[in-house]
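Novice: Could you look at this predicted model? Sequence included:
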Amino acid sequence: MSKFPSFTKTWHHSPTAAFDPRSSSLSAEGKVVLVTGAGSGIGKATAFAFANARARAVIITGRTQSSLNGAKTEIEQAATAQSHEHFQCLAFSVDITNPKAVDQVFTQVGQKFGKIDVLISNAGYLDKHSLITDSDLDDYWQCFETNVKGALIVIKAFLRTHPHVTSSSTDSNCPASSKPVIINISTGAAHISPPILSTFSAYASSKLAALHVFSFLHAEHTDTLSVFNLQPGEIPTAMAKKGHRDMAKDDVRLPAHWCVWLAAKAESDAAFLKGRLVWANWDLEELLARREEVENGDLLNIELKGWGEEFVEKFID
């Protein structure tokens, strides 16, 4: 049972068989996947899932080398269990707010593999979540440094490895199979009413800003890039513990398996979800059944209700 409103009647706390990364229909074979914030939690589980989906290589980044080393070992073991002999996992200790360090990672990965097919932007920061009047300015602003600036630095580094994406946003000749995929691990806090999460203004505001950045990225490269935004659920991570989110009881594989599905189905079943925000708890079959409603009503986007509907429609048309 959900404590939140749901877009689908059915609510899930763990992934269903439809998201099994070992399914041939969700194969990531030949793909190079980079996951930020992958030393633990959602990032680690996502890297693990792509290894199970037989990705060619999984690149993990984080700030703590010891955690990355442990994650790397587990990811390699997962690939071995799938008899994936040529799989590679690389781990880089890097602060995503450092442009030069991030560029070095993407340059090294590009030199070794040629390109990165899937980027999972997962690294994030949560402040001490106090009321604005009681907040520490530096701690408050760190949310924006990591969640917005850090995400932007990673996006720009990623785009530099894909010149065909940025050369012309109207290039319709880019094969669907070669379109890179970016998945932003977002949060419900980005759209939930402030009175409900009164002490989360720094985190919520920064994640909303990041969501808007990814929305612009989608609008700029609609024909050459697949961009998705995923609310991962209430996962019992270190960040959730820091935020005293006692309701965090969802399976960490839930968002991880969603990422594999989105990447595999980016140009088919998941295409209508590009640029939108989806909760990992929603039922896939019911969500797919509402595709026409989502597209015609332009649902699952952040907007100002009651303003400019006709203007927006004319502008877009």
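Specialist: On my side now, so go ahead. Remember, it's a predicted structure, so these values are computed and weren't measured experimentally.

Novice: C-alpha from now on. contacts and neighbour counts both.
Specialist: OK.

Novice: pLDDT (mean, whole number) over whatever helix or strand residue 211 lives in?
Specialist: Using DSSP states H and E, residue 211 sits in helix 201-220. Here helix 201-220 scores 97 as its mean pLDDT.

Novice: quick one: buried residues of that helix?
Specialist: Buried residues in helix 201-220, counted by 16 or more other Cα atoms under 10 Å: 201-215, 217-218, 220.

Novice: Report the next helix or strand after the lowest-mean-pLDDT helix or strand in the chain in sequence order.
Specialist: Of all helical and strand segments in the chain, the minimum by mean pLDDT, DSSP states H and E falls on helix 238-242, at a mean of 58. Using DSSP H and E, the helix or strand that follows helix 238-242 in sequence is helix 253-264.

Novice: CA atoms only for that next one, dumped as PDB, please.
Specialist: This file holds the C-alpha atoms of helix 253-264, laid out as PDB (Å, rounded to 0.1, in the frame of the first residue of the first chain):
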ATOM      1  CA  ARG A 253      16.400  -3.300  -7.300                       C
ATOM      2  CA  LEU A 254      13.100  -1.400  -8.100                       C
ATOM      3  CA  PRO A 255      14.700   1.700  -9.700                       C
ATOM      4  CA  ALA A 256      17.700  -0.300 -10.900                       C
ATOM      5  CA  HIS A 257      15.600  -2.600 -13.000                       C
ATOM      6  CA  TRP A 258      13.500   0.300 -14.200                       C
ATOM      7  CA  CYS A 259      16.700   1.900 -15.600                       C
ATOM      8  CA  VAL A 260      17.500  -1.300 -17.500                       C
ATOM      9  CA  TRP A 261      14.000  -1.300 -18.900                       C
ATOM     10  CA  LEU A 262      14.100   2.400 -19.900                       C
ATOM     11  CA  ALA A 263      17.400   2.000 -21.600                       C
ATOM     12  CA  ALA A 264      16.300  -1.100 -23.500                       C
END
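
Novice: and it, what does it pack onto?
Specialist: helix 41-52, strand 226-231 (3 or more Cα pairs under 8 Å, 6 or more residues apart in numbering; DSSP states H and E).

Novice: So what touches the first one?
Specialist: What that stands for is helix 41-52. 21-22, 28, 33-38, 57-60, 71, 74-76, 78-79, 82, 87, 120, 122-123, 235, 237-238, 252-253, 255-257, 259-260 (Cα atoms under 8 Å, 6 or more residues apart in numbering).

Novice: All the helices of this protein, in order from the start?
Specialist: 41-52, 65-81, 99-113, 137-144, 151-160, 163-167, 201-220, 238-242, 253-264, 284-289, 291-297, 309-316 (DSSP state H).

Novice: Among the ones you listed, show the one with the smallest mean pLDDT.
Specialist: helix 238-242 (a mean of 58).

Novice: what bridges to residue 29?
Specialist: Partner residues in beta bridges with residue 29, using DSSP bridges, are residue 55.

Novice: Does it touch residue 53 like I think?
Specialist: Yes: shown here, residue 29 and residue 53 form a contact pair, counting by Cα atoms under 8 Å, at 7.0 Å.

Novice: Those two - which one has more neighbours?
Specialist: Ranked by neighbour count (other Cα atoms under 10 Å), residue 29 and residue 53 place residue 53 first, with 28 against 18.

Novice: Just to check, the more buried one is in contact with residue 23?
Specialist: Yes: between residue 53 and residue 23 there is a contact under Cα under 8 Å: 7.4 Å.

Novice: what about residue 277, neighbour count?
Specialist: Count around residue 277 with other Cα under 10 Å applied: 24.

Novice: In contact with it, which residues?
Specialist: Each residue near residue 277 by Cα under 8 Å, 6+ apart is listed here: 228, 229, 230, 231, 300, 301.

Novice: Setting the sequence-adjacent residues aside, check what's closest to it.
Specialist: What sits nearest to residue 277 in space, not counting adjacent residues and going by Cα to Cα, 6 or more residues apart in numbering, is residue 229, at 4.7 Å.

Novice: on that earlier part again, CA atoms of the helix holding residue 211 as CSV?
Specialist: The C-alpha coordinates for helix 201-220 follow below in CSV (Å, rounded to 0.1, in the frame of the first residue of the first chain):
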residue,chain,number,x,y,z
SER,A,201,13.6,23.0,0.8
ALA,A,202,17.3,22.7,-0.1
TYR,A,203,17.1,19.2,-1.4
ALA,A,204,13.7,19.6,-3.1
SER,A,205,14.5,22.9,-4.7
SER,A,206,17.8,21.6,-6.1
LYS,A,207,16.3,18.4,-7.4
LEU,A,208,13.5,20.5,-9.1
ALA,A,209,16.2,22.7,-10.7
ALA,A,210,18.0,19.5,-11.9
LEU,A,211,14.8,18.1,-13.3
HIS,A,212,14.3,21.3,-15.3
VAL,A,213,17.9,21.0,-16.6
PHE,A,214,17.1,17.5,-17.8
SER,A,215,13.8,18.7,-19.3
PHE,A,216,15.7,21.3,-21.3
LEU,A,217,18.2,18.7,-22.4
HIS,A,218,15.3,16.6,-23.7
ALA,A,219,13.9,19.6,-25.6
GLU,A,220,17.2,20.5,-27.1
